[in-house]
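# Need a 3D model of the sequence below.
(one chain, ligands or ions: 1)
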Amino acid sequence: MRYAPLNKLFLRTFMILFLTCVTVRINLCFSSIPSSLKTLDLNGHFDFDEVQHAARDFGNRYQFLPLAVLHPKSVSDIATTVKHIWQMGPRSELTVAARGHGHSLQGQAQAQQGVVINMESLQGPKMHVHTGNFPYVDVSGGELWINILHESLKYGLAPKSWTDYLHLTVGGTLSNAGISGQAFRHGPQISNVYQLEVVTGKGEVVTCSENQNSDLFYSVLGGLGQFGIITRVRISLEAAPEMVKWIRVLYTDFTTFARDQEKLISAENAFDYIEGFVIINRTGLLNNWRSSFNPQDPVQASQFKSDGRTLFCLELAKYFNPEDVEVVNQDIRNSLSQLNYISSTLFLSEVPYIEFLDRVHLSEIKLRSKGLWEVPHPWLNLLIPKSRIHSFAEEVFGNILTDTSNGPILIYPINKSKWDNRTSVVIPDEDIFYLVAFLSSAVPSSTGTDGLDHILTQNKKILEFCEVGSLGVKQYLPHYTTEEEWQAHFGPRWEVFVQRKSTYDPLAILAPGQRIFQKEMSYAQ
Ligand SMILES: Cc1cc2nc3c(=O)[nH]c(=O)nc-3n(C[C@H](O)[C@H](O)[C@H](O)COP(=O)(O)OP(=O)(O)OC[C@H]3O[C@@H](n4cnc5c(N)ncnc54)[C@H](O)[C@@H]3O)c2cc1C
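As a prediction, this is how the structure comes out:
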């Protein structure tokens, strides 16, 4: 009893000393992270001050401030940085996000208090086009698709599979899939890659392909950046056409529209690009088209009324070279004669190939000039099995949405046979599935139907409808916040995904912005 006060005093002193030591250690640990990065021997450099831009993306809704931005000049800069963080082990919280063009929607290319790697500054070997029977181009993982197009066209060649917008990086789209109107024939961009060079979560530089380190190759394709940073890519090419016949026709009946789309994606050589979009309650639609398209029958087209109607536009393209124009015109007439669109709504245009592929950039320039590009983009991209697309269309285009004034809604079918099930991407389990993309823009601080809250509520209703009806829908560019949701997304492939993570990025250093894993392999909240 006599010694009790003394014991208490000793205990208190000990606790104060202990807590002080822990605090100093933690502070030392955090303050030493930037300085330890500063000691790395790099060709490029770290920026610890100008980091705000890396906390933004196209979605304009999520902002996670990194500790540093690496501007790599070589692959070894990336490998050195990742290896350094890997060697620090679980005692450091540091994560690494490769940032392509930052066109993610919910912070997927960001890293809270981590390192963001600005992939566009990677200056690997110059882009190199190989001609011959199986032409291909070797590019940096941070290269923009528009630059690849320009370079390969110098050799009369071009990649086969695209995204609608080309100011995205190769590494960014290959981490998802890369889908556009050519996917029905060539598959997504991840089906058109021969080889990758990857920096894994341990900082190893590995070359992989179908025959070499194939598990890593397929893990990374569609892998949401979880297994490695893509530093170099070999992309398959084909002969590029000079010109494109670009066609639009309208339908009022969804069943007829979908039947024609499905007929076309199964036809041998009907068209080179097949997409579609939904238009609800739009005034003067065909009149607006006249700035870039010519109506086949101007008088009838001028009498067509789009107001108050739900319309489905089939968008087609046929590639050609000028010397073949007669044959191509005949082919197009034949293909169109087998479709059941509203005849007065046939609109045609003829544009250079490059202009066709880079078409969304024109809209970007217009929107930027009006200050409407850098607004919140609450996009929702869904892959819907063919067997459920009719109930989806009936409910979503008939009930949930009352107009399409917040942005385009794309809808088109894709052949599953063109996808490789060894990649990490998750798609519906049917031979044909539809991409439906709600590409909404929100007016900042609006509380009306063009505001963020309204659009998010609509997205939620759409997702709830899919969930309740068990439509077997998969999100493309997926975004979830709980482990249960990620598990449900991957379904039976979850185990493989986790296994791949523990093989290639066991400390969960890479792509923290996807919020699938947390460092040390525990899962996101
Ligand atoms: C206007 C617009 C149009 C679009 N059109 C289409 C379309 O038609 N089809 C389609 O499929 N998609 C489309 N997208 C979506 C687009 O493909 C994805 O958002 C893509 O991730 C953007 O590429 P990015 O270079 O900006 O990637 P970022 O947003 O920078 O990164 C995306 C993810 O990939 C990871 N990542 C980036 N680079 C690498 C790398 N080198 N190695 C490993 N991981 C990496 C990031 O960490 C992040 O997790 C469009 C997006 C926009 C904004």
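# Show residues contacting the helix or strand that contains Ser219.
For Ser219, the host element (DSSP states H and E) is helix 214-220. Under the criterion C-beta atoms under 8 Å, 6 or more residues apart in numbering, residues 174-175, 195-196, 198, 200, 206, 208-210, 226-228, 230, 420, 422-424, 500, 503-504 lie in contact with helix 214-220. From N, CA and C alone the C-beta is placed, and that goes for glycine too.
# Quick one, which of those are buried?
Neighbour-count burial (16 or more other C-beta atoms under 10 Å) is assigned, among the contacts of helix 214-220, to 174-175, 195-196, 198, 200, 206, 208, 226-228, 230, 423-424, 500, 504.
# what are the ranges of the helices in the stretch 101-250 of the chain?
145-153, 170-174, 183-186, 214-220 (DSSP state H, counting those that start in this stretch).
# near the ligand, which residues of the chain show up?
Counting by C-beta under 6 Å from any ligand atom, the residues of the chain lying close to the ligand are 57-58, 97-104, 108-109, 119, 141, 163-165, 168-169, 171-173, 175-180, 224-225, 229-230, 360, 477, 511, 513-514.
# how many neighbours does Ser417 have?
Counted with other C-beta atoms under 10 Å, residues neighbouring Ser417 total 9.
# helix/strand/coil for it?
Ser417 carries the three-state label helix when classified by DSSP: H, G, I helix; E, B strand; the rest coil.
# Need the per-residue pLDDT for it.
On the pLDDT scale, Ser417 is placed at 98.
# give me every residue that touches it.
Taking C-beta under 8 Å, 6+ apart as the contact definition, Ser417 lies against Asp431.
# if we can go back for a sec, in strands only, show me the buried ones among the contacts of helix 214-220.
Helix and strand membership here follows DSSP state E; of those, those in strands are 195-196, 198, 200, 206, 208, 228, 230.
# any weak-confidence spans in the protein?
In the prediction, the chain carries residues with pLDDT under 70 at positions 1-32, 520-525.
# just to revisit the earlier point, buried set for the helix holding Ser219?
Applying a neighbour-count criterion of 16+ other C-beta under 10 Å, the buried positions in helix 214-220 are 216-220.
# Extract the C-alpha set from it and format it as PDB.
Below are the C-alpha coordinates for helix 214-220, written out as PDB (Å, rounded to 0.1, in the frame of the first residue of the first chain):
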ATOM      1  CA  SER A 214       0.800 -14.900 -69.600                       C
ATOM      2  CA  ASP A 215      -0.900 -14.800 -66.200                       C
ATOM      3  CA  LEU A 216       0.400 -11.300 -65.600                       C
ATOM      4  CA  PHE A 217      -0.500 -10.300 -69.200                       C
ATOM      5  CA  TYR A 218      -4.200 -11.300 -68.700                       C
ATOM      6  CA  SER A 219      -4.300 -10.000 -65.200                       C
ATOM      7  CA  VAL A 220      -3.300  -6.500 -66.200                       C
END
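# From the chain's centroid, how far away is that helix?
Relative to its parent chain, helix 214-220 has a centroid offset of 19 Å by C-alpha atoms, centre = their mean, to the nearest Å.
# Please apply the same query to stretch 504-513.
In terms of C-alpha atoms, centre = their mean, the gap separating the centre of stretch 504-513 from the centre of its chain is 19 Å.
# again, but for stretch 412-430
Counting by C-alpha atoms, centre = their mean, stretch 412-430 comes out at 15 Å from the chain centroid.
# Give the buried residues for it.
Neighbour counts over stretch 412-430 (16+ other C-beta under 10 Å) mark 412-416, 418-419, 423-428, 430 as buried.
# okay, the residues you listed in CSV with distance to Pro376 next?
Compiled in CSV, the buried residues of stretch 412-430 are given as follows (distance: C-beta to C-beta, whole Å):
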residue, distance to Pro376
Tyr412, 26
Pro413, 30
Ile414, 28
Asn415, 34
Lys416, 33
Lys418, 33
Trp419, 31
Thr423, 31
Ser424, 28
Val425, 26
Val426, 26
Ile427, 28
Pro428, 28
Glu430, 33
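# Closest one of these to His84?
Relative to His84, the closest of these is Ser424; by C-beta to C-beta it sits at 26.3 Å.
# Run a quick check on that closest one versus Phe497, I expect a contact.
Yes. Between Ser424 and Phe497 there is a contact under C-beta atoms under 8 Å: 6.5 Å.
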